[in-house]
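Peer 1: Everything below, folded, please.
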Amino acid sequence: MTRVRQFSFVSLRDLLVASGPTLLAAIAVAVLAYLWVDPAPPRRLSMATGQFNSAYQEFGRQYAELLARDDITLQLQPSLGSHENLQRLIEGRADIAFVQSGSTSDGQAARAGLVSLGSLFTEPVWLFLREEAKVSHLTDLKGKRINLGPEGTGVPRLFRQVLDANGVEPAQLKIGALENTPATVELLAGRIDGLVFSSAPEAPLIQMLLQTPGIRLFNFTQADAYTRRLPFLTHVVLPRGIVDLGRDIPSQDYHLIAPTATLVAREDLHPALVGLLVKSAGEIHGKAGWFQQQGQFPSPKYTEIPVAREAARYYRDGPPFMQRYMRFWLANLFERLWVVAVALAALLIPLSKIVPPIYVWRVRSRVYRWYGELRKVEQELEAIAPEEREAAREGLLHRLDEIEERVNHISIPLAYAEELYRLRSHINFVRERVRGTIDRNGFATPPLTK
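Peer 2: Purely as a prediction, here's the structure:
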């Protein structure tokens with residue numbers, strides 16, 4: 001009994017074969033676009049921070065914790081401070097770093113390929129003095145033992161500018177270059193008269209010295225004048241009682257001059273990481289503090305280094321749409337998919353016009369190839385002399401039966417079933433010719449006589 005295969009609406013095999021090259025080309029283009037046009041952000045970053053017990057070190061730790069939530073490892077690099085951080089960025093030894101305003105000369109950052117991700121907080125100049133030093137004006141520092149810290153901190157350069165504004169030569173002071181912690185020990189031991197920090201008030205050493213008996217903070221009563229002479233400085237006020245209201249520490253308002261800490265990065269930092277870092281900066285520095293209002297920082301203002309384009313867009317428009325509702329990596333994936341979509345559209349639109357004809361040709365070719373076999377049978381029949389046809393008839397009919405049997409096993413979509421039925425009718429047509437009941441034009445003929 002002849003078994004006939006069921007019809008299907010679509011031939012999946014032919015569809016895959018017809019569209020296979022197009023799909024492979026589309027996948028290849030999509031992968032290349034995904035990797036080359038917009039590579040994935042790195043999962044490791046390095047940040048130059050600051051000295052032990054400094055605000056830079058503490059803030060670096062907080063950045064590391066926030067970035068770890070998005071599976072990004074932030075390697076913290078302790079340093080002397082702002083000046084050394086700037087050098088590490090220029091030399092490519094760090095990806096991001098804290099840099100103090102006023103640390104760069106005109107155009108230095110742009111020439112070195114550095115960009116600002118925004119200013120983060122003010123760093124007042126804290127001049128702590130022993131009470132017996134009796135300093136009421138900076139000119140009184142002449143002959144005093146004052147520690148400015150190592151050159152890599154940026155404080156020596158900053159304070160020399162402050163001294164110059166007062167007409168005081170650095171050589172008129174006994175300047176020390178100890179790091180913050182040993183300098184604090186020396187101050188408490190009475191071996192130096194004062195020390196200078198430039199740091200956020202969160203630094204543990206600042207908090208301690210503000211509450212240490214016998215140590216007083218210098219009051220920059222001419223703070224507004226300093227900001228006019230040195231534009232990278234701002235005037236901030238340490239309010240009375242802000243350290244300890246119960247003990248009234250400090251017992252008066254203190255006027256301070258303050259540069260601004262800026263988060264600086266190399267300009268080749270991945271754009272997606274720029275937005276993530278600005279977002280993290282908002283969580284860390286956006287709260288109200290001793291010298292700032294809620295939401296004042298981070299900010300694209302207060303920095304002489306050009307702000308990165310992606311950071312400026314973040315400050316203007318907020319986080320990208322996807323990142324408002326998704327985790328960082330998932331949002332980044334969708335944001336990058338538009339590149340793939342454009343590449344696929346450019347490829348698939350023209351190729352989509354090629355696939356249908358190839359599919360039709362493959363389906364019909366399974367039917368049309370048997371017409372070649374039928375034609376061979378007819379040609380053999382026509383080549384046989386009339387008197388010899390009777391002897392050859394059984395062999396030709398057997399070949400036609402084999403052709404029909406194999407045609408009955410053809411699987412073909414329903415849309416092309418007409419082609420299959422037409423083939424089967426043509427097989428019967430040739431069979432009748434072989435039997436001699438019709439001629440080649442389809443007219444009935446008398447049977448051959450024996």
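Peer 1: Have a look at the protein and report its longest helix.
Peer 2: Counting residues, the longest helix in the chain under DSSP state H turns out to be helix 355-383.
Peer 1: The following helix or strand past it: which residues count as buried?
Peer 2: As assigned by DSSP states H and E, the chain's next helix or strand after helix 355-383 is helix 389-407. By neighbour count on 16 or more other Cβ atoms under 10 Å, the buried set for helix 389-407 is 389, 393, 396, 399-400, 403-404, 407. Yep, even glycine has a C-beta here, placed from its N, CA and C like the rest.
Peer 1: Give me the residues contacting helix 389-407.
Peer 2: 2, 370, 373-374, 377, 380-381, 384, 420, 423-424, 427, 430-431, 434-436, 448, 450 (Cβ atoms under 8 Å, 6 or more residues apart in numbering).
Peer 1: What of stretch 281-295?
Peer 2: 59, 62-63, 66, 117-118, 120-122, 124, 200-201, 236-239, 242, 258, 263, 297-298.
Peer 1: Now the buried members of those residues.
Peer 2: If you count burial by 16+ other Cβ under 10 Å, the buried members of those come out as 59, 63, 66, 117-118, 120-122, 124, 200-201, 236, 238, 242, 258, 263, 297-298.
Peer 1: Take those and keep only those in helices.
Peer 2: Filtering the buried ones among the contacts of stretch 281-295 for helices - DSSP H - leaves 59, 63, 66.
Peer 1: Out of those, which is nearest to Glu304?
Peer 2: The nearest member of these to Glu304, counting by Cβ to Cβ, is Phe59 at 20.6 Å.
Peer 1: what's Trp126 sitting at in phi/psi?
Peer 2: Here is the backbone geometry of Trp126 (degrees, to the nearest 10): phi -100, psi 110.
Peer 1: so where does the residue lying closest to it once chain neighbours are set aside fall, helix or strand?
Peer 2: Excluding the flanking residues, the one nearest Trp126 by Cβ to Cβ, 6 or more residues apart in numbering is Phe197, at 4.3 Å. Here Phe197, judged by DSSP H and E, is contained in strand 194-198.
Peer 1: which neighbours does that strand have in its sheet, and in what orientation?
Peer 2: strand 125-130 (antiparallel), strand 145-147 (parallel) (DSSP bridges).
Peer 1: show me where pLDDT drops low in the stretch 151-300 of the chain?
Peer 2: Along the stretch 151-300 of the chain, the model assigns pLDDT under 70 to no residue.
Peer 1: Run through the strands of it in chain order.
Peer 2: Taking DSSP state E, counting those that start in this stretch as the criterion, the stretch 151-300 of the chain contains strands spanning 174-176, 194-198, 215-217, 234-238, 254-258, 260-266.
Peer 1: from the contacts of helix 389-407, which would you call buried?
Peer 2: Using 16+ other Cβ under 10 Å, the buried members of the contacts of helix 389-407 are 370, 373-374, 377, 381, 420, 423-424, 427, 430-431, 434-436.
Peer 1: from these, which is closest to Lys353?
Peer 2: The closest of the buried ones among the contacts of helix 389-407, once distances to Lys353 are taken by Cβ to Cβ, is Leu420, at 26.8 Å.
Peer 1: residues near Ile215, how many?
Peer 2: Using other Cβ atoms under 10 Å, Ile215 is surrounded by 18 other residues.
Peer 1: Could you do Gly81 as well?
Peer 2: When neighbours are counted by other Cβ under 10 Å, Gly81 registers 30.
Peer 1: So it is in contact with Gly152, correct?
Peer 2: Yes - counting by Cβ atoms under 8 Å, Gly152 is a contact partner of Gly81 at 5.8 Å.
Peer 1: export the strands of the stretch 151-300 of the chain to a markdown table and tack on distance to Leu187?
Peer 2: As requested, those are exported to a markdown table (distance: least, Cβ to Cβ, whole Å):
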| stretch | distance to Leu187 |
| --- | --- |
| strand 174-176 | 10 |
| strand 194-198 | 5 |
| strand 215-217 | 7 |
| strand 234-238 | 19 |
| strand 254-258 | 18 |
| strand 260-266 | 23 |
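Peer 1: Show residues contacting the strand holding Phe197.
Peer 2: Strand 194-198 is contacted by residues 100, 123-130, 133, 135, 141, 144-149, 153-155, 158-159, 176, 180, 183-184, 186-187, 203, 205-206, 218, 258-259 when judged by Cβ under 8 Å, 6+ apart.
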